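Peer 1: Next input, structure requested:
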Amino acid sequence: MQNANASTSTISILLVEDTFSERYYIASLIQSFQPENVQFEMVQCEDGLTALEKCRTQQFDLIVSDWRMPRMNGVELCKRLKTKTDPGYFLLLTGNDQTQDMIYAMDSGADDYITKPFLASVLKVKIQAAVRLIQAKKSVLESKQQLQSLLSQKQSELTQAATLQQSLLPKNNLAFNNWTIRHYFEPAEELAGDILQCFEIDEQWIGFYVIDVSGHGASAAMLSFTLAQGLSPQRMDWQQSPEKVMNALNNLFDDPGNLGQFATVMIGKININTHELQLCNAGHPLPLVISKLDVQTIDVPTGMPIGIDKHCQYQSGQYQLYPGEQLLLFSDGVYEVNHPKFGMFGLERLKQRCLSAKAMPAANLLSHLSYLLNLWQQSQPQDDMSLLLFTAPD
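Peer 2: Here you go, the predicted structure:
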């Protein structure tokens, strides 16, 4: 008695036999072998050519075929069907009991064979074995389809998250009182642990930050989202000094998954009238100032990355930018990219490339640097890369 609660699977069978009496007998036997919770759906054909035509419009899980038949024999039918993308299980019935014939049949693609005359019990064992293999194959295909569906859903979610991350970046061609701001952002994966932003605090000051969360992918991106939200002007008082903003951000840092995550952060403010620059650094690479004469590193007081010590107290530094100078901030993924032959790009090479391109307009300078970096890493992203460039008006 079948279990009423169990789902019933269907197996389609094509029986090919030119002798009516034998076809009727084999069909009756196969139906009597039908396992519990399995439904056999059988189609019968009298020769191989008719069977081949039937297979053009219908997919069969199991083909049971005689060898010797008019118009097209079972071996030729097997060869034709096995060229399909997803051929069914082929069981060959034959009166040939010579070893060479059996080898020929299996080489032709048959999955199994029975020598006539056969016992009903032997056919039953063969059919049951075929059913188990067919069900296993269907289970694997179903699991694969479910996995592909899940992966497609996750990919869609990642794409949406990446779009959200892009929306948190500065607008293109951003400008404040003749100060131009350009940025370049390239995640190593779909989502990045890097994030940066620049915004107006009041009529005199603009604020900015560059964040690089340890690790890659979704977990790093989610933490960078959280930190960016904490630094938004709607939630953080940017009238404070950068060091107070950094201390507040360090207190907000949370690692709920206990993954040992941390973040390097550069927080700054620029007075767009006096060109005064205030910077606070938590383990982030030191920024560069590109002038008409040279490229210099700004020696910003550096504390530990945030998320390591809640009691860490950060310090700000004050600097002066002059007309026409450019301030370049970047994550370590910019200069740590590796070439398979020449090794790491390095800070010194970055400074040299900035020096050689110092006369370029801001947008061209970032395009030039991004081209060099991608060339260096052979267009195979290794780490998140972010650059933020401020150009003071002449």
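Peer 1: I'd like the C-alpha coordinates of the helix or strand of the chain with the lowest mean pLDDT written as CSV, please.
Peer 2: Ranked by mean pLDDT, DSSP states H and E, the weakest helix or strand in the chain is helix 99-107, scoring a mean of 79. The C-alpha trace of helix 99-107 is given here as CSV (Å, rounded to 0.1, in the frame of the first residue of the first chain):
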residue,chain,number,x,y,z
THR,A,99,30.9,-11.3,-25.6
GLN,A,100,31.9,-9.2,-28.6
ASP,A,101,28.3,-8.3,-29.2
MET,A,102,27.8,-7.2,-25.6
ILE,A,103,31.0,-5.0,-25.7
TYR,A,104,29.7,-3.5,-29.0
ALA,A,105,26.3,-2.7,-27.4
MET,A,106,27.9,-1.0,-24.4
ASP,A,107,30.4,0.9,-26.5
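Peer 1: Sheet-wise, list the partners of the following helix or strand past that helix with their directions.
Peer 2: Once the chain leaves helix 99-107, the next helix or strand it forms, by DSSP states H and E, is strand 112-115. In the sheet, strand 112-115 lines up against strand 89-94 (parallel) (DSSP bridges).
Peer 1: Alpha carbons of the partner strand, in PDB - could you do that?
Peer 2: Extracted in PDB, the C-alpha atoms of strand 89-94 (Å, rounded to 0.1, in the frame of the first residue of the first chain):
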ATOM      1  CA  TYR A  89      18.700   5.500 -19.500                       C
ATOM      2  CA  PHE A  90      19.000   2.900 -22.300                       C
ATOM      3  CA  LEU A  91      18.300  -0.800 -21.500                       C
ATOM      4  CA  LEU A  92      19.000  -3.100 -24.500                       C
ATOM      5  CA  LEU A  93      17.200  -6.400 -25.000                       C
ATOM      6  CA  THR A  94      19.100  -8.800 -27.200                       C
END
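Peer 1: Could you check the angle the helix or strand where Gln148 lies makes with strand 89-94?
Peer 2: Here Gln148, judged by DSSP H and E, is contained in helix 120-167. Angle, helix 120-167 to strand 89-94, by axes from the mean of the first three to the mean of the last three CA atoms, to 10 degrees: 160 degrees.
Peer 1: Give the other helices and strands that helix 120-167 contacts.
Peer 2: strand 9-16, helix 20-32, strand 62-66, strand 89-94, strand 112-115, helix 217-231 (3 or more CB pairs under 8 Å, 6 or more residues apart in numbering; DSSP states H and E). Just so you know, the C-beta spots here come from the backbone N, C-alpha and C atoms, and that holds for glycine as well.
Peer 1: hmm, who's touching the second one?
Peer 2: Where contact means CB atoms under 8 Å, 6 or more residues apart in numbering, the residues beyond helix 20-32 that reach it are 13, 15, 17, 40, 42, 44, 46, 64, 66, 93, 120, 123-124, 127.
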